[in-house]
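**Student:** Pasting a predicted model and its sequence here:
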Amino acid sequence: MHDHRKLGRELDLFDTDPLIGAGLPYWLPDGAAVRHALEEYIRAAERRAGYRHVYSPVLAKRELYEISGHWSHYSDDMFPPMNLGSEQMVLRPSLCPHHALIYRSRSHSYRELPLRMAELGGMYRSELSGVLGGLTRVRAIQLNDAHIFCTLDQVADEALASLEMIRQAYQALGITPARYRLSLPGPGGKYVAGPDMWRRSTALLTDVLDRSGLPYEAAEGEAAFYGPKIDVQIADGAGRESTLSTVQVDFHQPERFDLHYIGADGAKHRPVMVHRSIIGSVERAVAHLIEQHGGAFPAWLAPTQLVIIPISDAEVPNAEALARRCAGLGLRAEIAGPERGSLGARIREARLVPYQAVIGAKEAAGDQVALRLRDGRRLDPRLADDVLTGIGALVDAHSTDLWDGAAWRRQGRGQ
Ligand SMILES: [Zn+2]
C-alpha cells in the first residue's frame, strides 16, 4: 500500500502550512472534489435511510461538556477553554451534546421515533504535535456523525441498519474492513459508572453482532466513556489498525440531558441514543482511500473522471465542446492538449484517471471518441453521447466498475 501523505502531496490533494499549524491540513481543489463526492454520497445514503440533517456550531460553553461528561472523562483530548468575558468557550470534542440539545429543544411523541439526526460536522482534538501527520492524525476533524433517538425495542434494528449502511458504503468505496470489534470498557477510571447500564448495552450490541452474522472480536479498554461500541477496523499498509466506522449504544447522555418522549400512555419516557458513523472522519476515510487505491479512485470519487485527449490542434475545439458537455452532465473532465507532449506521454500522465477519451480526425468528424480505460482496455470509437451516458450511469450508481461499452443495468433492478 502507498503512504497517503506522500501520494496526497504528489497528487495535489491536500497539504499543510506551518503558519496554519500541524494537524490542520487544507484541501486542494482535487482533494476537495474527492471529499465533496464522498460527503454527497453519505448525505444521499442517509436521506434514503430516513435521516434528517442538521447543522450545529463547533464550539459551546464549558458547562455543556460538564453535563455530557466529556469534561471529567475526556478533557485530556480537548483544547483548553477560551475565556470570553465571564464565560468559557470550548471547541467541541464531539457532536453528541449539541444533538442532544437539538432533540431536547422540541417535544417528541413516540410516533416520531426512531428519530435519526445526522450532521457532517467539525470537531477538535488536542493531539500532541509529535504524533500529527497527513490526514490520519489531525486536530480538526470533519465527522460523519448521526444520533438515533429511539426506544429500547428499536435499538437492535437501528444498529443492524447502520451495519448494513456501512457494508454498502465499503462496497461503493472499494474498501475491506480488517475486522469488526466489540469494544468494551477496561480497567481505569475513564468510564461513567453504572454497571447495569453497561451490562444492558453490551448485551444489546452482542445480540446485534450475532444477528448480523459478521465475525467479530471483543476488545477490552476500547469502549467510549459512556458506553460500549461496535467498531469497524481498517488497516494501513504497515498493518496498523484504526477505527473507521462505529455503532454505539448510549443510556448515559439521555439521562444527563434529561431527554424524553411522550409514550402511547401519555407519560414521559427516556429514549436511548444510538451513535453511529458510516465512514468516520472524512480525513481518515480519504487517507485510507488514497492508500487503498494508490490514487486510482473509483470513478465516482476521482477528482478527474475523464481526460479528453485531442491528437492534434485541429481537434482541440471538439475536445472543448466535449468538456462543456461533461460539465453540463456533472462529470469532472479535463483536456490534455498537444502542448502537453506526445500522445503516449499524455496517456501515461493520465494513468490514474478512470477514462481517457482520445479524439483524432476520424473521431472528430463523427462526434465520436476512442475510449481507453484506466486498466488498459481500449474500446472501438463510438458516439461521444453514448460514452458519456455509459460513464454517467456507473458514476451515479457509485459503482467501482469501469464502463466498458456493455449495456449496463443498475444492480438489483433485474434485467
Ligand atoms: Zn455521538
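**Tutor:** Great, that's in hand. Not measured: the values here are computed from a predicted model.

**Student:** Buried residues, the strand or helix carrying residue 391. List them.
**Tutor:** Using DSSP states H and E, residue 391 sits within helix 384-396. Of all the residues in helix 384-396, those buried under the rule 16 or more other C-beta atoms under 10 Å are 384, 387-388, 390-392, 394-395. From N, CA and C alone the C-beta is placed, and that goes for glycine too.

**Student:** out of those residues, which one sits closest to the ion?
**Tutor:** residue 395 (31.8 Å; C-beta to the ion).

**Student:** CA atoms only: put stretch 200-220 into CSV for me.
**Tutor:** Output in CSV follows, covering the C-alpha atoms of stretch 200-220 (Å, rounded to 0.1, in the frame of the first residue of the first chain):
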residue,chain,number,x,y,z
ARG,A,200,-27.6,-3.9,29.1
SER,A,201,-25.8,-2.1,26.3
THR,A,202,-23.2,-4.8,25.9
ALA,A,203,-25.9,-7.5,25.7
LEU,A,204,-27.7,-5.4,23.1
LEU,A,205,-24.6,-5.0,20.9
THR,A,206,-23.6,-8.6,21.3
ASP,A,207,-27.0,-9.6,20.1
VAL,A,208,-26.8,-7.3,17.1
LEU,A,209,-23.4,-8.7,16.1
ASP,A,210,-24.7,-12.3,16.5
ARG,A,211,-27.7,-11.5,14.4
SER,A,212,-25.6,-9.8,11.7
GLY,A,213,-23.6,-13.0,11.1
LEU,A,214,-20.4,-10.9,11.0
PRO,A,215,-17.3,-12.3,12.6
TYR,A,216,-16.1,-10.1,15.5
GLU,A,217,-13.7,-10.0,18.4
ALA,A,218,-14.3,-8.4,21.8
ALA,A,219,-11.7,-6.0,23.0
GLU,A,220,-11.4,-4.5,26.5
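
**Student:** Let me see the mean pLDDT of it.
**Tutor:** In this model, stretch 200-220 carries a mean pLDDT of 93.

**Student:** Excluding chain neighbours, what is closest to the closest residue to the ion within the stretch 151-300 of the chain?
**Tutor:** In the stretch 151-300 of the chain, the residue that lies nearest the ion is residue 275 (3.4 Å; C-beta to the ion). Distance criterion C-beta to C-beta, 6 or more residues apart in numbering; nearest residue to residue 275, sequence neighbours excluded, is residue 248 at 4.1 Å.

**Student:** what do you get for residue 163?
**Tutor:** residue 212 (5.4 Å).

**Student:** That neighbour and residue 162 touch, don't they?
**Tutor:** No - judged on C-beta atoms under 8 Å, residue 212 makes no contact with residue 162 at a distance of 10.3 Å.

**Student:** Show me which of those two is the more surrounded one.
**Tutor:** residue 162 (25 against 16; other C-beta atoms under 10 Å).

**Student:** so that one sits right up against residue 249, yeah?
**Tutor:** No - with contact defined as C-beta under 8 Å, residue 162 does not count as touching residue 249 (10.9 Å).

**Student:** Show me whatever sits in contact with both of those two.
**Tutor:** residue 274 (C-beta atoms under 8 Å, 6 or more residues apart in numbering).

**Student:** any idea how far residue 352 is from the residue most central in space within the chain?
**Tutor:** Nearest residue to the geometric centre of the chain (C-alpha atoms, centre = their mean): residue 279, 3.7 Å. According to C-beta to C-beta, to the nearest Å, residue 279 and residue 352 sit 22 Å apart.

**Student:** With residue 102 instead?
**Tutor:** 41 Å.

**Student:** and stretch 370-382, how far from the chain's centre?
**Tutor:** 31 Å (C-alpha atoms, centre = their mean, to the nearest Å).

**Student:** swap in stretch 146-160?
**Tutor:** 21 Å.

**Student:** List the contacts of it.
**Tutor:** Contacts for stretch 146-160 (C-beta under 8 Å, 6+ apart): 46, 51, 95-96, 99-100, 103, 108, 110, 113-119, 204-205, 207-208, 211-212, 230, 247, 249, 254, 259, 261, 269, 271-277.
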